[in-house]
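Chemist: only geometry, no sequence info:
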């Protein structure tokens, strides 16, 4: 049993395609954007960082994170230097650190782990990370993240379902214009049996090339490998495969 859906352009960044209600054609969305508008939006990056810092100083971390996520999205869209983009990632990560959400902080810091700020902050919370990983359940169940751009994460949620596990995938592709037209998205839902941390999923849909995936869980990492199939019914460039970080049991 599975379900899938996708969108090509939405006004707002979304958490799952089932929530999408307002669509526009990509060509129309992008044609309406002027070079002047792009330049003005890129000038707002510092404003989002400053506003995030204001909330951060007040210890209002969810509000700070909302501003820092805008800093992330526009920094990527405007193709700023990697150092500035990494700074935005670190800003988001530190809001999670202060909330004690160490594994989500770790996921953000591992987007660009070799950046000097990321390295510093990963080392700083290294003991917290070890403790958080040790406290994770050894069972497959949990939520797993893989970064997809524009402050969005591909998410795989695994929950017990009788003797098996229900798997829900929500994925995005956030290109450079995602902050204007929204990301492409896709999803599937299925029930699988895990044996020694491994499972196999076959969509069995002739229209989509019979997409098949292997799942392999090793400690706090989930590796998803596509072993057959094409687009799998997802939006353009949306992909389920890759390495995911477990962010909660």
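Modeler: Cool, the structure landed. The model shown is predicted, which means the values in this text are computed figures rather than measured ones. Numbers count the residues shown, from 1 in each chain.
Chemist: any idea how many residues pack against residue 184?
Modeler: Residues within reach of residue 184, counting by other CB atoms under 10 Å, total 24. Yep, even glycine has a C-beta here, placed from its N, CA and C like the rest.
Chemist: show me what the residue nearest the centre of the chain bridges to in the sheet.
Modeler: The residue lying closest to the centre of the chain (CA atoms, centre = their mean) is residue 153, at 0.6 Å. The partner list for residue 153 in beta bridges (DSSP bridges) reads residue 147.
Chemist: correct me, but it touches residue 110?
Modeler: No: if you go by CB atoms under 8 Å, residue 153 and residue 110 don't touch, sitting 11.8 Å apart.
Chemist: which residue sits farthest out from the middle of this protein?
Modeler: Within the chain, the residue lying farthest from the chain centre (CA atoms, centre = their mean) is residue 36, at 29.5 Å.
Chemist: for the strand or helix carrying that one, packing partners?
Modeler: Using DSSP states H and E, the element containing residue 36 is helix 35-43. Using 3 or more CB pairs under 8 Å, 6 or more residues apart in numbering; DSSP states H and E, the elements in contact with helix 35-43 are helix 61-77.
Chemist: all strands of the chain, in order?
Modeler: With DSSP state E, the ranges of strands along the chain come out as 142-149, 152-161, 164-173, 184-192, 198-202, 212-218, 221-228, 242-248.
Chemist: quick one: closest of these to residue 70.
Modeler: Residue 70 sits nearest to strand 152-161 of all the strands of the chain, at 12.4 Å, using CB to CB.
Chemist: what's the closest one in contact with?
Modeler: Defining contact as CB atoms under 8 Å, 6 or more residues apart in numbering, one finds that strand 152-161 is touched by 13, 107, 139-148, 165-172, 174, 183, 191, 222, 224, 239-240, 242, 244.
Chemist: just the buried ones from these, in ChimeraX syntax?
Modeler: Filtering the contacts of strand 152-161 down to the buried ones (16 or more other CB atoms under 10 Å) takes a single ChimeraX command:
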select :13,107,140,141,142,143,144,145,146,147,148,165,166,167,168,169,170,171,172,174,183,222,224,239,240,244
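Chemist: and stretch 190-203, what's buried?
Modeler: Buried, per 16+ other CB under 10 Å, within stretch 190-203: 190, 192, 194, 199, 201, 203.
Chemist: contacts for it, please.
Modeler: By CB under 8 Å, 6+ apart, the list of residues contacting stretch 190-203 reads 1-2, 140, 161, 163-167, 188, 210-218, 228-229, 232-233.
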